[in-house]
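**Q** Can you look at this prediction? I've put the sequence above it.
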Amino acid sequence: MMTPCESSDDEAAPGGRDVNSPLPGVVIEIKVKAGAQVKSGEPLLVLEAMKMKNIIRSGRDGTIAEVLVSVSDQVRHNQPLFRFEA
């Protein structure tokens with residue numbers, strides 16, 4: 001079961017440069033690459049936490065400058081996952 005994960009303001013601020021993890025877990029799929037143009041609400045990554053798959057979505061329109069994690073990485077709460085171009 002895939003659960004959409006809504007990000008709070010401090011995790012993926014619409015005007016911020018970083019998309020941070022809203023919860024600890026394991027990266028199981030990365031859906032975008034550096035240079036990708038994304039829209040607000042677009043899926044960026046799938047994170048497994050407590051045996052549930054959570055879709056991490058973009059909080060704004062923009063271009064992904066950097067992907068800061070890899071598949072199988074353990075991430076902690078509020079860890080940066082992506083960075084948008086300025």
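**A** All right, it came through fine.
**Q** can you tell me the helix or strand for the residue most central in space within the chain?
**A** Compute the mean C-alpha point of the chain, and by Cα atoms, centre = their mean the closest residue is Ile56, 4.5 Å away. Using DSSP states H and E, Ile56 sits in strand 52-57.
**Q** That strand packs against which elements?
**A** strand 2-5, strand 43-49 (3 or more Cβ pairs under 8 Å, 6 or more residues apart in numbering; DSSP states H and E). Backbone N, C-alpha and C define where each C-beta goes, glycine included.
**Q** Mind telling me which of those the model trusts least?
**A** Within these, confidence is poorest for strand 2-5, with a mean of 52 (mean pLDDT).
**Q** tell me the contacts of Ala36?
**A** With contact taken as Cβ atoms under 8 Å, 6 or more residues apart in numbering, Ala36 is in contact with Thr63, Ile64.
**Q** gap between it and Met52?
**A** 25 Å (Cβ to Cβ, to the nearest Å).
**Q** Name whatever forms a beta bridge with the closest residue to the residue nearest to the centre of the chain other than its chain neighbours.
**A** Nearest residue to Ile56 in three dimensions, chain neighbours excluded: Leu45, at 4.5 Å (Cβ to Cβ, 6 or more residues apart in numbering). Beta-bridge pairing for Leu45 (DSSP bridges): Ile30, Ile56.
**Q** Which helix or strand lies directly C-terminal to the worst-scoring helix or strand of the chain on mean pLDDT?
**A** Within the chain, confidence by mean pLDDT, DSSP states H and E is lowest for strand 2-5 among all helices and strands, at a mean of 52. As assigned by DSSP H and E, the chain's next helix or strand after strand 2-5 is strand 18-20.
**Q** and that next one, what other elements does it pack with?
**A** strand 80-84.
**Q** Lovely, talk soon.
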